[in-house]
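> need a structure here:
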Amino acid sequence: MNTRCVMLVLALAGAGIVRAAPESVATLASPGKVLAVTLELDDGRLAYRIDRLGEPVIAPSRLGLLLRDGRFERNLALTAQSTSMRDETWEQPWGESRFVRNHYNELRATFTETTLHKRSVDVVFRLFDDGVGFRYEFPKQPQDSSGADVLIDDELTEFAIAAPAEAWWIPAGEWNRYEYLYTRTPLAEVGQAHTPLTIRTRDGLHIALHEAALVDYAAMWLRRVDGQRLKVQLAPGAEGWSVRRSAPFHTPWRTLQIDDRAGGLVESNLILNLNEPSVLGDVSWVKPAKYVGVWWELHLEDSTWATGPKHGATTANTKRYIDFAARHGFRGVLVEGWNPGWDGDWFSNGWNFDFTRATPDFDIEELAAYAKRHGVHLIGHHETACAVSHYERQLDAAFALYARLGIDQVKTGYVCDAGQIERQDTPGGPVLREWHDGQWNVRHHLRVVQAAAKHRIAINAHEPVKDTGLRRTYPNWIAREGARGMEYNAWGQPPNPPEHEANLVFTRMLAGPMDFTPGVLSLTGRGGARIESTLAKQLANYVVLYSPIQMAADLPHNYERHMDAFRFIVDVPVDWAQTRVLDGAIGDFVTVARKDRNSEDWYLGSVTDEHGRVLPVPLSFLDAGRRYVAQIYRDGDDAHWKTAPFAFAVETREVTSADTLQLRLAAGGGQAIRFTPADLAAR
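Okay, the predicted model is just below:
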């Protein structure tokens with residue numbers, strides 16, 4: 001530094017303009033010393049940073065809350081701190097893996113305003129070796145005797161990604177909720193994004209930003225403010241603020257899953273571990289299973305939701321699906337369009353839906369009894385068209401009806417444009433408009449799950465609020481949609497591209513199970529529109545895209561035309577003892593192996609994008625010293641999603657854990673394999 005610069009710095013310091021360097025006030029490392037967090041105060045403003053193995057992952061990033069009565073971010077002092085650790089293993093009642101290790105170190109730091117309100121807030125960090133969760137805990141303030149609610153307009157939380165990176169993301173705050181194709185851009189070109197937002201740095205580190213335990217709070221969007229700095233943007237509320245809570249309360253966890261491998265993001269249990277244990281007690285009544293139903297034919301326009309000559313939800317048609325389910329061992333039959341309210345423009349007016357009565361041509365009592373005699377369960381359907389308050393007024397009666405009939409699973413729906421949830425606090429009162437992921441609708445979804453649990457009913461929400469791991473606390477919340485599923489292939493405008501599933505695994509699926517509704521073996525949508533997939537890929541999706549409920553979405557007669565492929569759909573389980581992501585790259589390809597929870601069988605699924613691949617797969621996940629019969633469902637030699645999607649072959653061979661298979665995936669293709677111990681296969 002030259003003499004003139006030194007003199008300038010001294011002059012600025014003398015004028016009180018040069019600020020001191022940020023002060024590190026608290027730090028903590030993860031159990032294996034992989035990750036470390038440091039909290040800093042910079043002239044009374046709070047920030048955090050995260051390092052991994054000594055290298056920066058998150059550069060100094062602001063923390064704070066924008067409250068209606070002032071910002072909680074300046075003039076802060078650390079007034080208390082403590083650390084703790086936990087190492088436990090808990091059992092999932094259903095899931096990707098039966099046993100989950102929960103091992104973290106925790107830092108709790110209390111920050112208090114030195115001026116103004118003298119408020120205090122705890123910032124809590126939990127560090128795992130594969131990620132970090134942190135949240136704000138807002139106690140009842142000793143000086144506040146009014147008991148007034150805390151109004152939060154926004155958060156000031158930031159994530160400043162340290163290394164140059166690219167991102168896979170979908171826009172937030174737009175009309176189509178979460179149902180967009182994922183865009184891959186430099187991180188510096190992200191606009192406003194939903195989470196999970198998945199990032200890969202130039203050095204190959206993978207980071208997923210999301211949240212856990214979203215309860216009574218607005219969902220978190222991420223808005224890029226400059227460079228690679230992302231800021232939390234809370235989903236808006238109709239009354240002007242984003243969140244209204246009574247102290248004490250805490251925010252959801254803001255989460256970072258961090259791993260060298262893309263597959264490590266999928267194998268992480270961080271989101272689940274940041275949720276509370278189940279509050280439902282015995283949940284043996286929650287049954288993971290496969291199902292069929294009156295659904296794909298509606299999207300093909302072969303039949304209608306509305307009553308009339310093409311009505312799909314008739315007694316006769318439903319019995320046909322029940323017979324098919326019973327013949328092939330499917331537990332459930334979903335029926336949409338069974339209740340009054342579908343006639344006319346239901347999309348614009350959900351206030352006519354009745355969830356306690358069936359249409360005259362749908363004998364729900366007889367069908368429930370018929371299904372029971374055949375060892376099958378009807379799956380209920382509650383489409384609200386976003387008249388949510390109208391639905392809530394019928395919840396208890398609707399669930400009581402289903403419980404009496406033995407209908408123990410319900411698919412809910414919230415079809416409307418984002419920001420158009422209809423809230424009416426009192427009958428006849430004004431209708432307010434809320435977002436699908438605003439605080440009011442977050443509360444609604446939990447009310448539905450809690451009400452359903454009282455009747456031993458499981459919930460599969462479509463057009464939902466995003467998954468944040470609450471299935472641990474409420475195991476009857478079995479699946480959700482929350483992304484572009486199979487119905488986009490029915491509509492063909494445009495269909496899901498070949499890379500879609502390899503994107504979902506490393507983005508949307510990091511949040512939790514998705515009811516993607518795979519298995520359309522006809523590979524044909526409405527008006528003959530082509531699905532951009534091979535036949536074998538449709539089978540692989542049952543392993544690659546996790547859900548404890550999986551639909552065989554196609555029409556029954558299409559399965560009867562492809563019985564060789566349909567065999568895998570019949571056999572593949574939906575509940576797993578172990579899951580391993582063997583290989584994969586975001587949006588390119590992925591190979592997943594899962595062990596059946598109820599047998600010694602392993603299953604493998606592998607899918608690729610528009611490019612064909614040859615992937616070596618070591619079988620070291622199999623038990624050593626044991627021989628297995630591998631039933632291989634693969635793309636045919638000349639298969640290609642554009643020119644020969646139906647080219648398909650089934651092979652059988654013996655393998656051991658010492659073997660390596662060469663998976664040959666066609667462009668837009670896949671491969672599915674069932675591994676059965678040879679000693680059991682021979683029985």
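> export stretch 310-325 as CSV, just CAs?
Written as CSV, here are the backbone C-alpha positions of stretch 310-325 (Å, rounded to 0.1, in the frame of the first residue of the first chain):
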residue,chain,number,x,y,z
LYS,A,310,-69.0,-40.4,-21.3
HIS,A,311,-68.9,-40.3,-17.5
GLY,A,312,-66.0,-42.3,-16.3
ALA,A,313,-67.0,-42.7,-12.6
THR,A,314,-69.8,-45.2,-13.2
THR,A,315,-70.5,-48.3,-11.2
ALA,A,316,-69.9,-50.6,-14.2
ASN,A,317,-66.6,-48.9,-15.2
THR,A,318,-65.3,-48.9,-11.6
LYS,A,319,-66.1,-52.6,-11.2
ARG,A,320,-64.0,-53.3,-14.3
TYR,A,321,-61.0,-51.6,-12.7
ILE,A,322,-61.7,-53.5,-9.4
ASP,A,323,-61.7,-56.8,-11.3
PHE,A,324,-58.4,-55.8,-13.0
ALA,A,325,-56.8,-54.8,-9.7
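> Check which residues of that stretch are buried.
Within stretch 310-325, the residues scored as buried using 16 or more other C-beta atoms under 10 Å are His311, Gly312, Ala313, Thr314, Thr315, Asn317, Thr318, Lys319, Tyr321, Ile322, Phe324, Ala325. Where you see a C-beta, it was placed from the backbone N, CA and C, and this is true even at glycine.
> with the residues you listed in mind, which one is nearest to Val650?
Comparing the buried residues of stretch 310-325 against Val650 with C-beta to C-beta places Phe324 closest, at 22.0 Å.
> So that closest one belongs to a helix, correct?
Yes. Looking at Phe324 with DSSP: H, G, I helix; E, B strand; the rest coil, it is inside a helix.
> wait, it sits on Val294?
No. Phe324 lies out of contact with Val294 (C-beta atoms under 8 Å); the separation is 11.3 Å.
> just checking, next helix/strand downstream of the longest helix belonging to the chain?
Determined from DSSP state H, the single longest helix within the chain is helix 439-454. Once helix 439-454 ends, the next helix or strand along the chain (criterion: DSSP states H and E) is strand 458-461.
> picking up where we left off before, any chance of CSV for the buried residues of stretch 310-325, columns distance to Asn269, pLDDT and secondary structure?
As requested, the buried residues of stretch 310-325 are exported to CSV (distance: C-beta to C-beta, whole Å; pLDDT from 0 to 100; DSSP: H, G, I helix; E, B strand; the rest coil):
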residue, distance to Asn269, pLDDT, secondary structure
His311, 45, 98, strand
Gly312, 40, 98, coil
Ala313, 39, 98, coil
Thr314, 44, 98, coil
Thr315, 44, 98, helix
Asn317, 42, 98, helix
Thr318, 39, 98, helix
Lys319, 42, 98, helix
Tyr321, 36, 98, helix
Ile322, 37, 98, helix
Phe324, 37, 98, helix
Ala325, 33, 98, helix
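> For Asp354, state which of these is nearest.
Closest approach between the buried residues of stretch 310-325 and Asp354, by C-beta to C-beta: Ala313, at 13.7 Å.
> Is it correct that that closest one is in contact with Pro340?
No. Using C-beta under 8 Å, Ala313 is not in contact with Pro340, being 11.2 Å away.
> Which positions in the longest helix of the chain come out as buried?
Buried-residue list, helix 439-454, by 16+ other C-beta under 10 Å: 439-442, 444-446, 448-453.
> Same check on stretch 373-384?
For stretch 373-384, using 16+ other C-beta under 10 Å, the buried residues are Val376, His377, Leu378, Ile379, Gly380, His381, His382, Glu383, Thr384.
> among these, which are in strands?
Judged by DSSP state E, strands contain the following of those: His377, Leu378, Ile379, Gly380, His381, His382, Glu383.
> Which per-residue confidence value corresponds to the last one?
Looking at Glu383, its pLDDT stands at 98.
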